[in-house]
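K.L.:
give me coordinates for this.
(one chain, ligands or ions: 2)
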Amino acid sequence: MKTKIIEIDGIAEAGEIIRAGGLVAFPTETVYGLGADAMNGAAVKRIFEAKGRPSDNPLIVHIADKAQIPLLAREISGDAEKLINAFMPGPFTIILKKQANIPNEVTAGLDTVGIRFPAEETAAAFIMAAGTPIAAPSANISGRPSPTRAEDVISDMDGRIEAVINGGSCGVGVESTIVDASGDAPVLLRPGGVSLEMIREIVPSAYADKNIMKTASDDERPRCPGMKYRHYAPKAQVVVVEGERGAVQDKIKELLSENTGKVTGVLTMYGNVYDSPVMICGGSSNKEYAKNLFAALRDFDKLGAEIIFAEFCEKDGYGAAVKNRLYKAAGYNIIHCEK
Ligand code: TXA
Ligand code: MG
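P.N.:
Ligands and ions are numbered 1, 2, ... in the order given. From the prediction side, this is the model:
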């Protein structure tokens with residue numbers, strides 16, 4: 001099977017592929033998703049095969065109209081309704097008790113379902129064209145950085161899926177914020193473009209799961225994405241160097257001089273003051289850093305970097321989302337620099 005690249009004017013065809021039980025990768029404002037008809041268990045099963053994804057890791061169901069929510073979820077609390085009104089459409093996924101008609105393949109046998117309404121117009125047009133909710137994880141091979149460009153989807157998925165819709169680069173660049181609103185107080189399971197502070201302005205009782213930055217033991221069912229499985233990893237080794245600008249730069253210079261035998265890379269936030277064969281600018285704000293992070297990790301691989309030093313400073317609302325992805329990409333290999 002050759003994977004077809006569909007341009008924006010070919011969305012009707014993408015909808016037909018979904019209705020026929022096929023797989024189509026599509027752009028959203030966060031990352032590219034790998035979609036199938038959420039009501040077709042056999043089609044959804046193919047997503048897991050294409051990605052090499054463990055079957056106990058549930059998928060998010062994408063909608064293009066809030067009227068679809070009660071068809072997928074039940075027992076929607078007042079707090080859940082407030083969050084839906086505040087953050088959907090947008091880079092936000094809400095976990096609710098599921099309706100019985102959702103196939104088990106989507107929810108990995110859980111009693112809950114994750115629902116997301118992307119704000120990106122191409123995504124919404126695609127979901128409308130399919131005429132059904134779309135189950136989709138990120139469109140990468142399991143364990144690789146999420147794709148934020150159509151070419152990244154092709155490099156992982158060529159020959160494994162029917163088509164990809166080319167929508168250029170994703171604006172947010174990291175996956176959606178996930179909030180479990182199926183219990184009493186809403187719980188933040190994954191930080192993203194919607195921060196915990198923004199969520200607390202709407203529902204003050206919301207809190208972050210204590211395991212958000214940790215790995216769960218292997219026998220536990222994953223609650224936060226990435227808790228159990230290695231996520232966002234490029235082929236190169238990643239080391240996060242965080243703290244104040246001058247101290248971070250001095251430390252990275254020292255690390256570069258200790259690693260001259262390797263092809264080194266630096267992902268910068270503070271500007272290029274280094275002598276290293278590979279250099280990529282992440283961006284000076286965390287919002288820019290989020291947009292560029294996954295593409296940068298893939299580009300380091302293409303450029304042959306063997307070890308990457310990533311500058312980091314948690315300085316704005318996107319800081320938690322970037323930190324979560326960066327720490328995981330680094331396998332928690334972090335150097336904290338004091339002034
Ligand atoms: O921005 C995004 O969220 C992108 C785009 C395509 O929408 N999707 C995405 O999916 O990044 P991904 O690969 O992270 O997979 C969905 C994640 C899983 O890791 C899973 O842990 C979590 O969502 N999830 C889905 N349903 C869940 C549920 N019922 N309970 C807890 N977590 C759930
Ligand atoms: Mg993913």
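
K.L.:
drop to CA atoms for contacts and neighbour counts, all remaining ones
P.N.:
Will do.

K.L.:
how about the strands of the stretch 101-250 of the chain, start to end?
P.N.:
With DSSP state E, counting those that start in this stretch as the criterion, the stretch 101-250 of the chain has strands at 112-116, 134-136, 163-165, 177-180, 187-190, 207-208, 237-243.

K.L.:
and the gap between Ile335 and Ser276?
P.N.:
As judged by Cα to Cα, to the nearest Å, Ile335 and Ser276 stand 19 Å apart.

K.L.:
next: Pro234.
P.N.:
Counting by Cα to Cα, the gap from Pro234 to Ser276 is 18 Å.

K.L.:
with neighbour numbers in mind, choose between the two.
P.N.:
Between Pro234 and Ser276, Pro234 has the larger neighbour count (other Cα atoms under 10 Å), namely 23 against 15.

K.L.:
list the contacts of Arg74.
P.N.:
Contact analysis of Arg74 by Cα atoms under 8 Å, 6 or more residues apart in numbering lists Leu96, Lys97, Lys98, Gln99.

K.L.:
6 Å instead, please
P.N.:
For Arg74, the contact set (Cα atoms under 6 Å, 6 or more residues apart in numbering) comprises Lys97, Lys98.

K.L.:
where does it land on pLDDT?
P.N.:
Confidence at Arg74, expressed as pLDDT, is 97.

K.L.:
pull the distance from the longest helix anywhere in the chain to the chain's centre.
P.N.:
Determined from DSSP state H, the single longest helix within the chain is helix 286-302. Between the centre of helix 286-302 and the centre of its host chain there is 12 Å, according to Cα atoms, centre = their mean, to the nearest Å.

K.L.:
by how many degrees do it and strand 237-243 diverge?
P.N.:
150 degrees (axes from the mean of the first three to the mean of the last three Cα atoms, to 10 degrees).

K.L.:
mind giving me the packing neighbours of helix 286-302?
P.N.:
Packing partners of helix 286-302 (3 or more Cα pairs under 6 Å, 6 or more residues apart in numbering; DSSP states H and E): none among the helices and strands.

K.L.:
need the residues that contact that helix.
P.N.:
Pro145, Val172, Gly173, Val174, Pro234, Gly282, Gly283, Tyr318, Gly319, Val322.

K.L.:
need phi/psi at the residue lying closest to the fourth one once chain neighbours are set aside.
P.N.:
With Cα to Cα, 6 or more residues apart in numbering as the criterion, Val174 has its nearest non-adjacent residue at 5.3 Å, and that residue is Thr30. Torsion angles at Thr30 (phi, psi; degrees, to the nearest 10) stand at phi -90, psi -70.

K.L.:
so who does Thr30 touch?
P.N.:
Contact analysis of Thr30 by Cα under 6 Å, 6+ apart lists Cys170, Val172, Gly173, Val174, Glu175.

K.L.:
mind redoing it with 10 Å?
P.N.:
90-92, 118-120, 138, 146-148, 169-177, 192-193, 290-291 (Cα atoms under 10 Å, 6 or more residues apart in numbering).

K.L.:
out of those, who's near ligand 1?
P.N.:
Filtering the contacts of Thr30 for proximity to ligand 1 by Cα under 6 Å from any ligand atom leaves Ser138, Glu175, Ser176.

K.L.:
nothing else from me, thank you.
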